[in-house]
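Novice: give me a model of this one.
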Amino acid sequence: MALPVVFSMVISLVYNMADTYFVAKTMNTNLVASVSLCAPIFTFMIALGDIFGIGGSSVISRLFGQQMNKEAKNVSGFCFYASILCGIVVTIFMFILKDPILNFLGVNKETWLYASQYYNIIVLGSTFIILSLTPSNLIRTEGLATLSMVGTVLGSILNIILDPIFIFSFHMGAQGAALASVIGYILSDFLLIYFTRAKANRLSVSFKDCHIEKKEFLDIFTIGIPASITNLMSSIGVALTNRYLVVFGNENVAAMGIALKVNMILLLIMVGFAFGAQPLLGFNYGAKNTERLRAFIKFDIFIEVTFALITAVILSIFAPYIIQSFMNDAQIIQTGSLMLRLLVLSSPCVGIILVFTTLFQSEGKALPASILSISRQGVIYAICIVILSKLFTFHGILISQAIADVVTAIIAIVIYSKQKTVTR
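Specialist: Below is the predicted model of the structure:
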């Protein structure tokens, strides 16, 4: 079940990574920096979609384990329409608050025009981006991970095709990159909705199946919000990084933007393994099958840490060539390679964090899940970057994430050791 999820997570990054790749080929540092500065907006929308996608799938998995299929169908209908409403509200407020948001992201006079153009298109398409997380997550609860992958992959392929056409043939620049992403999401949404209607027998996208009880409503947000906070903190963490880096020049923001996209391939594969195990964790927790639950946890940790170690070594060795494939600029290659190596250094710790976060989410334990969600790229990271940037200036900024990862992994292990779960 995990492999289609892993592949789907990697492909989902392509929506945003393709923008960076093709924009970098323009050799316009300010244009690359502007897209990098706006990356947290994309992550923010994914975070909102996670509330209904991850929160809903966790609740549905447990309901399936308890043989409560009617309630599970109603949860799926509620999550579908709630995500649409959320997207509409986000679109309105993000246009109202456009200037303050761009200022918060660290956009300066050199990048304002490009960033504004990218922002406008992405915000217009926010409903499609947020909605996509719901059916892609929910249909996996019925074992339809492959169809979830297909819907995501085909949208991504369309995005890759349109990016060079819009950016180079139509000379649309940042607008073209954003438009290609939005159109890709529209295709994915239609495909995923079709798969839900045609193949998912116990799920629904019908408005008549939106009614849910208070308990299910609270459970969706109890689990979904911590899951959302993970990506929300990622959004804030990247924005914070860019604000500190922009002082040292837009070229450093551009280099970090490329390094972060490459690192996200590693992280999203790891997230895919974690999410692939989530329905199994939720089902066995609901069915109180302690032995199988313990086995899944041990296997998940082994896969995450082993994969992280191997991939981190490979990315560190080939870092200069990877960065060069995006932008053939000597300064960008040198700085970006250092950034990438420092980012992947602590990836095994990220694997540990993901396993325990997913476990707590699957068990419906909001507090420990929330603590881990706000730590790695939130509170702990903010503390690290504030202190280390003062102690070591530029290089202090670069090592902040690795230190935050180690500290958060220690916190995760301590919390787990003190939890009286069914796994012990």
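
Novice: so what's the residue count around Arg292?
Specialist: Other residues within reach of Arg292, judged by other Cβ atoms under 10 Å, total 14. Using the backbone N, CA and C atoms, a C-beta is placed for each residue, glycine as well.

Novice: should've said Gln278
Specialist: Around Gln278 there are 26 residues (other Cβ under 10 Å).

Novice: which parts of the stretch 151-300 of the chain are strands?
Specialist: Per DSSP state E, counting those that start in this stretch, the stretch 151-300 of the chain carries no strands over any range.

Novice: excluding chain neighbours, what is closest to the residue nearest the centre of the chain?
Specialist: Among the residues of the chain, the one closest to the centroid is Asn231, at 5.4 Å (Cα atoms, centre = their mean). Here the nearest residue to Asn231 in space, its sequence neighbours aside, is Ala47; by Cβ to Cβ, 6 or more residues apart in numbering that works out to 3.5 Å.

Novice: for the one you found, which residues are in contact?
Specialist: 228-232, 234-235 (Cβ atoms under 8 Å, 6 or more residues apart in numbering).

Novice: repeat that with 7 Å
Specialist: Ala47 makes contact with 228, 231-232, 235, according to Cβ atoms under 7 Å, 6 or more residues apart in numbering.

Novice: from the residues you listed, which ones fall inside helices?
Specialist: Within the contacts of Ala47, residues falling in helices by DSSP state H are 228, 231-232, 235.

Novice: tell me which of those residues has the lowest pLDDT.
Specialist: Least confident of those in the model: Asn231, at 80.

Novice: pretty sure that residue contacts Leu48?
Specialist: No: using Cβ atoms under 7 Å, Asn231 is not in contact with Leu48; the gap is 8.5 Å.

Novice: show me where the stretch 301-424 of the chain has helices.
Specialist: 319-326, 330-344, 347-362, 366-373, 380-418 (DSSP state H, counting those that start in this stretch).

Novice: next, count neighbours for Ala277.
Specialist: 24.

Novice: for it, which non-adjacent residue is spatially closest?
Specialist: Taking Cβ to Cβ, 6+ apart, and ignoring the residues beside it in sequence, Ala277 has Asp300 as its nearest neighbour in space, at 5.0 Å.

Novice: and the one you found, how far from Leu280?
Specialist: Using Cβ to Cβ, to the nearest Å, Asp300 is found at 9 Å from Leu280.

Novice: got a list of what the residue nearest to the centre of the chain touches?
Specialist: Contacts for Asn231 (Cβ under 7 Å, 6+ apart) come out as 43, 46-47, 50.

Novice: tell me how far it lies from Phe42.
Specialist: Where Phe42 is concerned, Asn231 sits at a distance of 10 Å (Cβ to Cβ).

Novice: same deal with Ile54?
Specialist: Separation of Ile54 from Phe42 (Cβ to Cβ) stands at 17 Å.

Novice: who's more crowded, those two?
Specialist: Per other Cβ under 10 Å, whichever of Ile54 and Phe42 has more neighbours is Ile54, with 28 against 22.

Novice: coming back round to it: could you tell me which of the contacts of Ala47 count as buried?
Specialist: Those of the contacts of Ala47 that meet the buried threshold are 228, 231-232, 235, by 16 or more other Cβ atoms under 10 Å.

Novice: what is the nearest of these to Thr29?
Specialist: Ser235 (22.9 Å; Cβ to Cβ).

Novice: hmm, Val355 and the residue nearest to Ala277 touching each other?
Specialist: Yes: look at Asp300 against Val355 with Cβ under 7 Å: they come within range, at 5.0 Å.

Novice: dump the contacts of Asn231 to TSV, plus secondary structure.
Specialist: Below are these laid out as TSV (DSSP: H, G, I helix; E, B strand; the rest coil):
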residue	secondary structure
Thr43	helix
Ile46	helix
Ala47	helix
Asp50	helix
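
Novice: among the helices and strands of the protein, which has the poorest mean pLDDT?
Specialist: helix 2-24 (a mean of 69; mean pLDDT, DSSP states H and E).
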